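Undergrad: coords below, sequence missing:
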């Protein structure tokens, strides 16, 4: 079942080429259905709402946000 458009998700793994880390928050902007694992395009924003990346990931690389999570700010740097 496809995840809803414009829902906020967290990354489940680092994406070093975009300096993104596990736990970073992104917004679903496109769904890419396949016969195997669906994919999603995500838009990632900085703390003041500017787009810093648009990435495409597999569904297993993201998780929907839940009510018991707290957002956290970090300086954009290389993933380790």
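TA: Nice, thanks for sending it over. Remember, it's a predicted structure, so these values are computed and weren't measured experimentally.

Undergrad: if I look at the residue most central in space within the chain, how far off is residue 39?
TA: Geometric centre of the chain, nearest residue: residue 26, 3.7 Å, by Cα atoms, centre = their mean. Using Cβ to Cβ, to the nearest Å, residue 26 is found at 13 Å from residue 39. Placement of C-beta: from N, CA and C, glycine included.

Undergrad: what's the answer for residue 11, then?
TA: Residue 11 is 14 Å from residue 39, by Cβ to Cβ.

Undergrad: with residue 31 instead?
TA: Where residue 39 is concerned, residue 31 sits at a distance of 8 Å (Cβ to Cβ).

Undergrad: please name the residues that touch residue 11.
TA: 20, 21, 22, 23, 24, 26, 57, 61, 62 (Cβ atoms under 8 Å, 6 or more residues apart in numbering).

Undergrad: and for residue 46?
TA: Contacts of residue 46 (Cβ under 8 Å, 6+ apart): 52, 76.

Undergrad: just the pLDDT for it.
TA: The model reports residue 46 with a pLDDT of 94.

Undergrad: same thing with residue 77?
TA: pLDDT, residue 77: 77.

Undergrad: neighbour-wise, which of residue 31 and residue 39 wins?
TA: Higher neighbour count among residue 31 and residue 39: residue 39, with 18 against 14, using other Cβ atoms under 10 Å.

Undergrad: what is in contact with residue 11 and residue 39 at once?
TA: residue 57.

Undergrad: hang on, residue 56 packs against residue 32?
TA: Yes - using Cβ atoms under 8 Å, residue 56 is in contact with residue 32, at 6.9 Å.

Undergrad: mutual contacts of the two, please.
TA: Shared contacts of residue 56 and residue 32, counting by Cβ under 8 Å, 6+ apart, come down to 39, 40, 41.

Undergrad: mind checking pLDDT for the residue of the chain positioned farthest from its centre?
TA: Distance from the C-alpha centroid of the chain, by Cα atoms, centre = their mean, peaks at residue 35 (21.7 Å). Residue 35 carries a pLDDT value of 90.
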